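K.L.:
sequence and predicted structure below; questions after.
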Amino acid sequence: MNDHDWFGAAVRQPTSELRRRSGDLAAFAEIREVVRANGQERGVRSLQMRNAHGLEIEVLIDRAFDIGDVRYRGVPVSWRSGNGYRHPALHEVEAEDGLAWLRTLDGFLVSGGLDHALFGGEYDASHYHYPPKQTVRHGLHGRLSSLPARLLSVDEAWEENGGVLRVIGEVVQATSFGEHLRLRRTIEVDVHGSGFRIDDEVTNLGFERTPHMFLYHINIGWPVVDEGSEFCGAVEEHLWKSDSVDEQGAPFDRLIAPERHFVEQVWEHRLSASETGSHRVALIRRDGEFGVELEWDAAGMPHFFEWQNLREGQYGVGLEPSTHHVSGEAAAREDGSMIWLEHGDSRSYRTAVTLLDGPQATAAARSRVQSISGKEATA
């Protein structure tokens, strides 16, 4: 792969020149609406966004407007678990003692929320003022990922020098005498470039004070995830790590090869923020030929988890910005860090994803991360 290949240079000419060379600009970039038609994915609507430089992302309308497959110039980026993008009608949110969410875990982005994320449990629900509902029970990472979205708009906004592909959808998570939250999500892909942006706004449409937690489970697979691949981040310290870290000893910053019966390792890293108030991390192959860089607003999601699932057949890494510490909802309610939304309150989140193609791109990403002030991580 090469950032300056002949096609990339040719397609950057003005749009008026591209029109002279093709009867349809979809030859270069487009958004295609698709409905899956087989197996447990039958009926799942998606939007396939493809730009002029070989970036392809799949927005799963019926899976919370999350992101399924991501490819760059034919190279897979997203992690695939084997679950598939099953239709929400097949999902039982309350099953398996709250762990049924693991059956929806597949693809590049699986969102947790909107009123709960992290591990589940039973929590006080008196703020909803409905006597028969004294408590509410949540499973792992909440209900959001199994809710269908409503597609609001699809826009191929060509300009004379490029343009943007843009889709907007919304997901409403609601129940009578409970939460009534709306996620409005905008996903943009530039006609020219190797990245995309996710803009989210969560609003309380209800009239009761409602808790809000939000998490992005951004999942990356082979060939970005491979033996020797490097995690880059301005890590100040490790706030928490799973017991499996000490038992298995795989480091947080350099990946090991797939291992039989590997038990997931999770780290919560305290990251330094840049001068512009953003967090930035990257995952880069050992040979420096390819990688993924994330940048997001540190104020919106101040916490960050690194999920290492290095088991054979499940080999992948999750990069997870979060509104809350790993200790979860009970601790957040107790220590006052829970986010409560009154009627009409909104919170916004913005994340940028860049695919790093070639040694110059990965070196530049490493330099951007290292330029953020931070001290060496301590266990």
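P.N.:
Noted; the coordinates are in hand.
K.L.:
report pLDDT for Lys375.
P.N.:
Looking at Lys375, its pLDDT is 44.
K.L.:
mind listing the strands for the stretch 101-250 of the chain?
P.N.:
Taking DSSP state E, counting those that start in this stretch as the test, the strands found in the stretch 101-250 of the chain are 109-112, 121-124, 135-138, 150-159, 162-174, 180-190, 195-204, 210-212, 215-220, 230-233, 235-241.
K.L.:
next, format those strands as CSV and append distance to Val34.
P.N.:
In short, each C-beta sits where N, CA and C put it, glycine included. Output for the strands of the stretch 101-250 of the chain, formatted as CSV (distance: least, C-beta to C-beta, whole Å):
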stretch, distance to Val34
strand 109-112, 18
strand 121-124, 38
strand 135-138, 32
strand 150-159, 12
strand 162-174, 13
strand 180-190, 15
strand 195-204, 18
strand 210-212, 32
strand 215-220, 21
strand 230-233, 33
strand 235-241, 39
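K.L.:
redo those strands as TSV? Include distance to Glu17 and mean neighbour count.
P.N.:
Formatted as TSV, those follow (distance: least, C-beta to C-beta, whole Å; neighbours: other C-beta atoms under 10 Å):
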stretch	distance to Glu17	mean neighbour count
strand 109-112	35	26
strand 121-124	59	14
strand 135-138	54	16
strand 150-159	12	14
strand 162-174	12	19
strand 180-190	18	21
strand 195-204	24	20
strand 210-212	48	23
strand 215-220	36	25
strand 230-233	39	20
strand 235-241	46	17
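K.L.:
quick one: closest of the ones you listed to Ala365.
P.N.:
Among these, the nearest to Ala365 by C-beta to C-beta is strand 230-233 (7.2 Å).
K.L.:
remind me what that closest one packs against, helices and strands.
P.N.:
Under the contact definition 3 or more C-beta pairs under 8 Å, 6 or more residues apart in numbering; DSSP states H and E, strand 230-233 sits against strand 278-284, strand 303-309, helix 359-370.
K.L.:
point out the most buried one among the ones you listed.
P.N.:
Most buried of the helices and strands packed on strand 230-233 by mean neighbour count (mean count of other C-beta atoms under 10 Å) is strand 278-284; its value is a mean of 24.
K.L.:
where does the stretch 1-150 of the chain dip in pLDDT?
P.N.:
Scanning the stretch 1-150 of the chain for pLDDT under 70 picks out the ranges 1-4.
K.L.:
please enumerate the helices of it.
P.N.:
6-11, 15-21 (DSSP state H, counting those that start in this stretch).
K.L.:
which stretch among the ones you listed comes nearest Gly68?
P.N.:
Here helix 6-11 is closest among the helices of the stretch 1-150 of the chain (C-beta to C-beta), at 25.2 Å.
K.L.:
buried sites along that closest one?
P.N.:
Neighbour-count burial for helix 6-11 flags 8, 11 (criterion: 16 or more other C-beta atoms under 10 Å).
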